[in-house]
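[1] fold the following, please.
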Amino acid sequence: MNNDFVVTDEFVELILEIKTLFEYKSIKYWLDEGTLLGVVRDGSLINGDHDFDFSAGYCDLLNIIDICKALKHKGYNIKYQSGLPYVEDMIQIYLLDDHLMNNIHVDINIYYFYNRKAIRRDLHYPQGKYGKFLVSSAKVLFREKIDYRQSNNCRKMFLISLIPLRIRKILSYICMDIYIKYGTTLWQVVPIKYFSNLKQIELFDSIFFIPADCENYLSYRYGDDWRVPVSNWIWRESPDKSIEYNRLNIIDIHHKQDQF
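    Numbering: from 1, shown residues only. This is a model prediction of the structure:
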C-alpha cells in the first residue's frame with residue numbers, strides 16, 4: 001500500500017461526489033476517525049493517512065449500496081466489507097485506475113444503533129484460528145476470479161479455481177453463516193450521544209458535518225492527548241475506548257434498530 005496520502009484533484013472529486021450523493025439521498029453522515037482527527041486538530045487531512053472516513057447509520061445501508069452501484073457504474077472500484085460476501089459496517093471506494101484496490105480510498109463506516117450505543121461489529125476482524133479460517137475462506141471463495149499463479153499456495157488456489165463460481169459463492173455464504181453464528185470479532189462501540197448532534201465544518205471549499213461534541217469524542221477514541229500527533233500509531237494498540245471483543249451473535253443486527 002502507498003503510505004503517502006496524496007490529496008489529488010481526482011481524490012477530492014471522489015470525496016465531494018460521495019458527499020453530494022449522501023445529501024441527494026438525505027443520508028445523515030459525518031466525518032469520522034482519522035479524517036475527523038486531522039480536520040479538527042490540524043485543519044487538514046493527516047499526512048501519511050491512506051483513507052478518508054465518512055460514517056453513517058445502518059438504517060441507510062440500502063441507500064449507501066445504491067450510491068456505490070452508481071459510483072461503480074462510473075468506473076470507481078468498490079470493496080465491500082474488505083472482500084467478504086456480506087456487507088454490514090464497512091465499504092471502501094477506490095479511484096478509477098486503482099483496480100487492485102490497494103491505495104488511497106474513501107471509507108464508509110456504518111454504525112448500527114442499539115441500546116443507546118453506536119455499534120460496528122467489524123466482520124472483517126475475526127478472532128481465533130477458526131474465525132480467521134472461515135473469514136479467509138469466505139473471501140477466497142467469493143472472488144470473481146482467482147489468479148492462482150500469484151498465490152503462495154498455487155496448487156490449493158488452482159483447485160479452488162476449478163470450482164464453478166456459483167458453487168463457490170454458496171460455500172462462501174455457508175462460511176459466513178457459521179462465522180456469524182459462532183464467531184468472535186473486534187467491535188467498535190461508541191455512546192450514541194457523540195453522533196446525535198452534528199455541526200458543520202469547511203473542507204475543500206465545501207461544508208461537511210462532524211460530531212458537535214467532537215473534542216470529547218476524539219478523547220474517547222484517541223485518548224486525552226489526542227491533540228499531540230503520534231508517529232507509527234497502531235489503532236488496535238491505542239487507548240481507543242470503543243474497542244471490544246465479543247461474540248457476533250450477541251445482538252441480531254437485522255432487528256429494528258434504535259431511532260437515531
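[2] rest of the way, CA atoms for contacts and neighbours
    Noted.
[3] hey, which strand is longest across this structure?
    Of all the elements of type strand in the chain, the one with the most residues (DSSP state E) is strand 105-114.
[4] which residues touch the next helix or strand after that one?
    Using DSSP states H and E, the helix or strand that follows strand 105-114 in sequence is strand 117-120. Where contact means CA atoms under 8 Å, 6 or more residues apart in numbering, the residues beyond strand 117-120 that reach it are Asp89, Ile110, Tyr111, Tyr112, Phe113, Trp187, Gln188, Val189, Val190, Pro191, Ile192, Lys193.
[5] ok, these vs Arg166, which is closest?
    Distance to Arg166 across these (CA to CA) is lowest for Asp89, with 25.0 Å.
[6] next SSE after the worst-scoring helix or strand of the chain on mean pLDDT?
    Ranking every helix and strand in the chain by mean pLDDT, DSSP states H and E puts helix 154-161 at the bottom, with a mean of 80. Downstream of helix 154-161, the next assigned helix or strand under DSSP H and E is helix 165-182.
[7] just the strands in the stretch 151-260 of the chain please.
    All strands of the stretch 151-260 of the chain, identified by DSSP state E, counting those that start in this stretch, fall at 184-191, 198-203, 206-211, 243-247.
[8] can you tell me which of those is most buried?
    Among the strands of the stretch 151-260 of the chain, strand 184-191 has the highest mean neighbour count (mean count of other CA atoms under 10 Å), at a mean of 20.
[9] relative to that strand, what are the paired strands and their orientations?
    strand 117-120 (antiparallel), strand 126-127 (antiparallel), strand 243-247 (antiparallel) (DSSP bridges).
[10] and stretch 215-224, C-alpha only, in PDB?
    C-alpha atoms of stretch 215-224 as PDB (Å, rounded to 0.1, in the frame of the first residue of the first chain):
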ATOM      1  CA  GLU A 215     -13.400  17.100  21.300                       C
ATOM      2  CA  ASN A 216     -14.800  14.700  23.900                       C
ATOM      3  CA  TYR A 217     -15.400  12.200  21.100                       C
ATOM      4  CA  LEU A 218     -11.800  12.400  20.000                       C
ATOM      5  CA  SER A 219     -10.700  12.000  23.600                       C
ATOM      6  CA  TYR A 220     -12.900   8.800  23.700                       C
ATOM      7  CA  ARG A 221     -11.300   7.400  20.600                       C
ATOM      8  CA  TYR A 222      -7.700   8.700  20.800                       C
ATOM      9  CA  GLY A 223      -7.100   9.500  24.500                       C
ATOM     10  CA  ASP A 224      -6.900  12.800  26.300                       C
END
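[11] report the buried residues of it.
    Glu215, Tyr217, Leu218, Ser219, Tyr220, Arg221, Tyr222 (16 or more other CA atoms under 10 Å).
[12] swap in stretch 229-240?
    Neighbour counts over stretch 229-240 (16+ other CA under 10 Å) mark Asp240 as buried.
[13] before we move on, what about stretch 68-77?
    Counting neighbours by 16+ other CA under 10 Å, stretch 68-77 gives Cys68, Leu71, Tyr76, Asn77 as buried.
[14] for those residues, give me CSV that also has pLDDT and secondary structure.
    Formatted as CSV, these follow (pLDDT from 0 to 100; DSSP: H, G, I helix; E, B strand; the rest coil):
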residue, pLDDT, secondary structure
Cys68, 96, helix
Leu71, 97, helix
Tyr76, 96, coil
Asn77, 95, strand
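[15] related to what we said a few turns ago, and the least confident helix or strand of the chain, how far from the chain's centre?
    Helix 154-161 has its C-alpha centroid displaced from the chain centroid by 29 Å (CA atoms, centre = their mean, to the nearest Å).
[16] quick one: contacts of stretch 47-66?
    2-5, 15, 22, 25, 27-36, 88-89, 103-113, 257.
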